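Chemist: After the sequence you'll find the predicted model.
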Amino acid sequence: MERHDHPLSTQAEGRVLGQLARPGRWLVLPAVVGAVLALALAVLVTAWTGQRNLASAARQALQVQNERTAELRALFNALDQWTGTPCTPEHLTAMRTLFLRIGPVLDIAYHQRGHMRCSTTLGTSIRSLPPIAPGERRLDAQLAIRDGVRPSFAPEVVTSQLSNEHYSVLIEGAKITDGARRALARSVSGGAWIGLSWADASGHPTDVGTEIDAAGVGGTVTHSPASLRASLCAGPDGLCATVVEPPAAWLGRAAAALGAAALAGALAAALLAAGWRARRFRATALDRRLTEALRERAFTLHYQPIADCIDGRVVGAEALIRWTPRDGKPVPPDVFIPVIEAMGRIGEVSCFVVEQVGRELGGFLRDRPGFSISVNVHPADLASQTFHACLRTCLERHGLAPRQLSLELTERQPVTLDAELDGMQRLAARGHQFYLDDFGTGHSNIVRLDAMPVHRVKLDRHFTASVGAAGARNPIVESTLEMIRETGRDVVVEGIETSDQASYFALRGVRLMQGWWIGRPVPAAQFMPLADRPTPVATVPDAATVTAATERSGPKRRSPGQAGRQADERLGVTSGAQLAAQAGAQAGAQTGPQTGAETGAQADARAADGAGCADSAGPGGAIAAGAHAVVGPQT
Ligand SMILES: Nc1nc2c(ncn2[C@@H]2O[C@H](COP(=O)(O)O[C@H]3[C@@H](O)[C@H](n4cnc5c(=O)[nH]c(N)nc54)O[C@@H]3COP(=O)(O)O)[C@@H](O)[C@H]2O)c(=O)[nH]1
């Protein structure tokens, strides 16, 4: 494609601008997008942050608690260091020193043969605490824990007791974990609860019934299924931390997240709307410039050759519109055509193109009855009496046959309405031929194709771009070619940029090709002389390869060779053999009957350099005859 140095240079943008030209269409979009974004964001944020916060609080709780038990172990180790006589004033002093060092400890007692002998608070005047009962939870071989102990010196207080063989330590809180829990409560977000407990045999928390909330208040949590909950059991003592966020708490967070997301959504919507307004403004500006261009008929046409790459003759061309506004920067048709379509004025463009083809190439076409120019049309044109009249006028004014003005419909804009199909049938009945453009990119399928009077199918250039080296196979391309042929239509391959691509398709029985390798779109004055010159011909290898390729492509309604010959007949194109014969017969005389301005010398030259395909009626025929020289692309 020619390079257009213009900011509006993509087809997608063209389509967007086209849609923008339909007022109000996009106003709904920002609102819907904003709302959906807000909702999705709120749900995601709530669930994600909820689980994340709970897990992080549980992890923290475990860490604090494990540090606490490690401190208590260290206390027992220090107590076990005493080697003097137990319960002496020195021993009590040593015990009291340690007692004062550790915050949550309420008392340290010394036991002998299961009975308490002295303690830091009671001294040696002991009324014994119950001995360590079997079945108490053991942290390890040395340490055991009892929760819910009421010391004799303060029976109103419920404590936990940790003990080893000789010492017991009373710790504040009904459970050993209470202190840590209370310390941790602050780290849990409002409404959530944190519980610390020992793991059961299966490694799950034994209970989370008594909890401490964020305010440090104890209570019992009702674990509804709607609660968010995270449990973590880890550490040397088999401790578990469970954090629970009741529905009321996480719903509160969800509401907050929804608020934030609504704000973000509103912002996104505002940005989208602002973008829309800016684009709308540009679209309007483009609308205005196009309205002016339409009034002034400020468009031009370029013609891109369609050639028979087996025998190197131009058999037709596609008319392609061009627009260079006053600022001198060309705007590509795939940008401005969608806008014109959205403005509802594509009919004017189609009619302009038809008239312009007549004006520029009327005489040229009259002299070459087999030559055909294809014009891009919109489905709406098919049902338009104005367009029908426009075609009729052009043919009458310039003395052309309907088949010299072919009509290209793109697969991306399917013919859907009865009136359009009906118009298409009438135009076909009159003698116009239809190309289905961009095949393989849009809405057509083979069934739809069969229902339409389409004569030729143009294989989209994306397929062409996917083939390269002559020997390589592309099954998708091959099956698409096969499908088209099954319908009995001829194939024109678009976007041929290299001789390898041309050879690839020639090998698969394709004759008609279009693309830069054959010729770029050029104005009429440049196109006419080029149209009568030989084009590059595809190089094909030996007969065996061709035969194998043909066999691989399987049974068809018609053979590619037949298709090629029939295409020739319809196009009124003579074969290379005929040309050579004509050249001999009419040496020096002007024109063979179908190639108009081609001179005998040219035909001679072609015949001489083997342009071979003198008898190239298809892959099984002339291609098999041997390799052709490849002529470089036209410049
Ligand atoms: N309704 C109308 N649509 C029109 C008209 N004129 C053009 N168009 C459509 O605009 C699209 C872009 O066309 P354009 O920029 O002119 O590009 C054409 C060729 O230049 C390009 N091309 C041709 N050969 C090659 C190639 O080898 N490589 C390559 N990368 N590009 C190449 O392809 C375009 C023609 O394609 P197609 O139409 O699909 O046959 C395009 O969709 C036009 O249809 C108009 O008057 N009316």
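Modeler: Everything's here; your move.
Chemist: Which elements pack onto the helix ranked longest in the chain?
Modeler: Secondary structure of the chain per DSSP state H: the longest helix is helix 28-80. Applying 3 or more CB pairs under 8 Å, 6 or more residues apart in numbering; DSSP states H and E, we find helix 28-80 packed against helix 89-101, strand 105-112, strand 167-172, helix 178-185, strand 193-198, strand 228-234, strand 239-245, helix 247-296. Using the backbone N, CA and C atoms, a C-beta is placed for each residue, glycine as well.
Chemist: ok, 7 Å please
Modeler: helix 89-101, strand 167-172, helix 178-185, strand 193-198, strand 228-234, strand 239-245, helix 247-296 (3 or more CB pairs under 7 Å, 6 or more residues apart in numbering; DSSP states H and E).
Chemist: nearest spatial neighbour of whichever residue of the stretch 501-635 of the chain sits closest to the ligand, skipping sequence neighbours?
Modeler: Nearest residue of the stretch 501-635 of the chain to the ligand (CB to the nearest ligand atom) works out as residue 515 at 3.3 Å. Nearest residue to residue 515 in three dimensions, chain neighbours excluded: residue 496, at 3.2 Å (CB to CB, 6 or more residues apart in numbering).
Chemist: residue contacts, that neighbour?
Modeler: Residue 496 sits next to 464, 502, 513-515, 517-518 when contact means CB atoms under 7 Å, 6 or more residues apart in numbering.
Chemist: and those as TSV, adding secondary structure?
Modeler: As requested, the contacts of residue 496 are arranged in TSV below (DSSP: H, G, I helix; E, B strand; the rest coil):
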residue	secondary structure
464	helix
502	helix
513	strand
514	strand
515	coil
517	coil
518	coil
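Chemist: Pick out the residue in the stretch 351-500 of the chain sitting closest to the ligand.
Modeler: With CB to the nearest ligand atom, the shortest gap between the stretch 351-500 of the chain and the ligand falls at residue 376, namely 3.5 Å.
Chemist: rewinding a little: would the residue nearest to residue 515 count as being in a helix?
Modeler: No - Residue 496: not assigned to a helix; according to three-state DSSP it is coil.
Chemist: ok, so of the contacts of residue 496, who is nearest residue 293?
Modeler: residue 514 (26.7 Å; CB to CB).
Chemist: Give the bridge partners for the residue of the stretch 351-500 of the chain closest to the ligand, please.
Modeler: Beta-bridge partners recorded for residue 376 (DSSP bridges): residue 408.
Chemist: between the longest helix of the chain and helix 89-101, how many degrees?
Modeler: Computed by axes from the mean of the first three to the mean of the last three CA atoms, to 10 degrees, the angle separating helix 28-80 from helix 89-101 equals 170 degrees.
Chemist: quick one, helix 28-80 and strand 239-245 angle?
Modeler: Angle between the axes of helix 28-80 and strand 239-245 is 150 degrees (criterion: the same axes, to 10 degrees).
Chemist: Now do helix 28-80, average pLDDT.
Modeler: For helix 28-80, mean pLDDT rounds to 79.
Chemist: roughly how far out does it sit from the chain middle?
Modeler: Distance of helix 28-80 from the chain centroid (CA atoms, centre = their mean, to the nearest Å) equals 34 Å.
Chemist: for stretch 105-113, same thing?
Modeler: 71 Å.
Chemist: Format the CA atom coordinates belonging to that stretch as PDB.
Modeler: The C-alpha trace of stretch 105-113 is given here as PDB (Å, rounded to 0.1, in the frame of the first residue of the first chain):
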ATOM      1  CA  VAL A 105       4.000 -13.900  83.900                       C
ATOM      2  CA  LEU A 106       1.900 -13.800  87.100                       C
ATOM      3  CA  ASP A 107       3.900 -16.300  89.200                       C
ATOM      4  CA  ILE A 108       6.700 -18.800  89.100                       C
ATOM      5  CA  ALA A 109       6.500 -21.800  91.300                       C
ATOM      6  CA  TYR A 110       9.000 -24.600  92.200                       C
ATOM      7  CA  HIS A 111       7.600 -28.200  92.500                       C
ATOM      8  CA  GLN A 112       9.100 -31.300  94.000                       C
ATOM      9  CA  ARG A 113       7.600 -34.700  93.400                       C
END
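Chemist: List the buried residues for that stretch?
Modeler: By neighbour count on 16 or more other CB atoms under 10 Å, the buried set for stretch 105-113 is 105-111.
Chemist: What sits closest to residue 353 if chain neighbours are left out?
Modeler: The shortest distance from residue 353 to any non-neighbouring residue, by CB to CB, 6+ apart, is to residue 375 (5.1 Å).
Chemist: pretty sure that neighbour is touching residue 319, no?
Modeler: Yes - Residue 375 lies in contact with residue 319 (CB atoms under 7 Å); the separation is 5.1 Å.
Chemist: Between those two, which contacts overlap?
Modeler: Taking CB under 7 Å, 6+ apart as the contact rule, residue 375 and residue 319 both touch 353, 357.
Chemist: low-scoring stretches of the stretch 301-450 of the chain, by residue?
Modeler: Filtered on pLDDT under 70, the stretch 301-450 of the chain yields the residue ranges 442-447.
Chemist: got the residues of it near the ligand?
Modeler: Counting by CB under 6 Å from any ligand atom, the residues of the stretch 301-450 of the chain lying close to the ligand are 304, 318, 320-321, 332-334, 337, 349, 353, 376, 378, 437-438.
Chemist: what's near enough to touch the residue of the stretch 501-635 of the chain closest to the ligand?
Modeler: 464, 494-497.
Chemist: Retrieve the pLDDT associated with it.
Modeler: Residue 515 carries a pLDDT value of 96.
Chemist: which bits of the stretch 451-600 of the chain sit near the ligand?
Modeler: By CB under 6 Å from any ligand atom, the residues of the stretch 451-600 of the chain that approach the ligand are 458, 461, 494-497, 515-516, 521.
Chemist: again, 5 Å this time
Modeler: Residues of the stretch 451-600 of the chain lying near the ligand by CB under 5 Å from any ligand atom: 495, 497, 515-516, 521.
Chemist: what's near enough to touch the nearest residue to residue 265 once chain neighbours are set aside?
Modeler: Leaving aside its sequence neighbours, residue 265 sits nearest to residue 38 (CB to CB, 6+ apart; 3.3 Å). By CB under 7 Å, 6+ apart, the contact list for residue 38 reads 258, 261-262, 264-265.
Chemist: Go again with 10 Å.
Modeler: By CB atoms under 10 Å, 6 or more residues apart in numbering, residue 38 lies in contact with 257-266, 268-269.
Chemist: how deep is residue 80 tucked in, by neighbour count?
Modeler: Applying other CB atoms under 10 Å, we find 13 residues neighbouring residue 80.
Chemist: Could you pull up the contacting residues of it?
Modeler: Residue 80 neighbours (CB under 10 Å, 6+ apart): 142, 164-167.
Chemist: Scan those and report the most crowded one.
Modeler: Highest neighbour count within those, by other CB under 10 Å: residue 167, with 23 neighbours.
Chemist: So it is in contact with residue 87, correct?
Modeler: No - the pair residue 167 and residue 87 does not pass the contact test of CB atoms under 10 Å, sitting 11.6 Å apart.
Chemist: Need the residues touching each of these two.
Modeler: By CB under 10 Å, 6+ apart, the residues touching both residue 167 and residue 87 are 95, 109-110, 116, 119.
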